[in-house]
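Novice: structure for the following, please:
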Amino acid sequence: MVLTVVDDVITRGATMLAAVARLEETFPSAEVRGFALIRTISDRPIAAVKEPARGTVRVVPWGTRREP
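Specialist: Just a heads-up that it's a prediction; the model follows:
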């Protein structure tokens with residue numbers, strides 16, 4: 001089973017990461033992925049929608065980090 005979390009905007013990815021973690025707890029045999037329409041940086045306004053990007057969100061000592 002593949003589950004996909006869909007979000008409108010991803011900033012640092014903390015919300016996405018939390019949703020994915022909860023689904024992995026509830027459905028341990030499922031593959032869980034995330035999809036967001038827009039990625040942005042929290043201190044900048046959304047100026048333009050550009051090409052799609054594939055990346056990861058991970059936990060780091062200061063919170064979460066989204067790459068790219």
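
Novice: tell me if I'm right that Val2 and Arg33 touch.
Specialist: Yes. Counting by CB atoms under 8 Å, Val2 sits close enough to Arg33 to count as a contact (6.7 Å). All C-beta atoms are positioned from the backbone trio N, CA, C, and that covers glycine.

Novice: who has more neighbours out of the two?
Specialist: Arg33 (12 against 7; other CB atoms under 10 Å).

Novice: who are the contact partners of the more buried one?
Specialist: Contact analysis of Arg33 by CB atoms under 8 Å, 6 or more residues apart in numbering lists 2-5, 20.

Novice: now the helix or strand encompassing it: buried residues?
Specialist: Using DSSP states H and E, the element containing Arg33 is strand 31-39. Taking 16 or more other CB atoms under 10 Å as the neighbour-count basis, strand 31-39 is seen to contain the buried residues 32, 34, 36, 39.

Novice: kindly export that strand (C-alpha atoms) in CSV.
Specialist: The C-alpha atoms that make up strand 31-39 are tabulated as CSV, following Å, rounded to 0.1, in the frame of the first residue of the first chain:
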residue,chain,number,x,y,z
GLU,A,31,5.1,3.3,1.9
VAL,A,32,4.3,6.9,2.8
ARG,A,33,5.2,9.8,0.5
GLY,A,34,4.5,13.5,0.6
PHE,A,35,3.5,15.9,-2.1
ALA,A,36,3.3,19.7,-1.9
LEU,A,37,2.1,22.1,-4.6
ILE,A,38,4.5,24.9,-3.6
ARG,A,39,7.8,25.0,-1.7
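
Novice: neighbouring strands for that strand, and are they parallel or not?
Specialist: Sheet neighbours of strand 31-39, with direction, are listed as strand 2-10 (parallel) (DSSP bridges).

Novice: what does the helix or strand just after the partner strand contact?
Specialist: For strand 2-10, the succeeding helix or strand toward the C-terminus, using DSSP H and E, is helix 14-26. By CB under 8 Å, 6+ apart, the residues outside helix 14-26 that reach it are 3, 5, 7, 10, 30, 32-34, 36, 57-59, 63-64.
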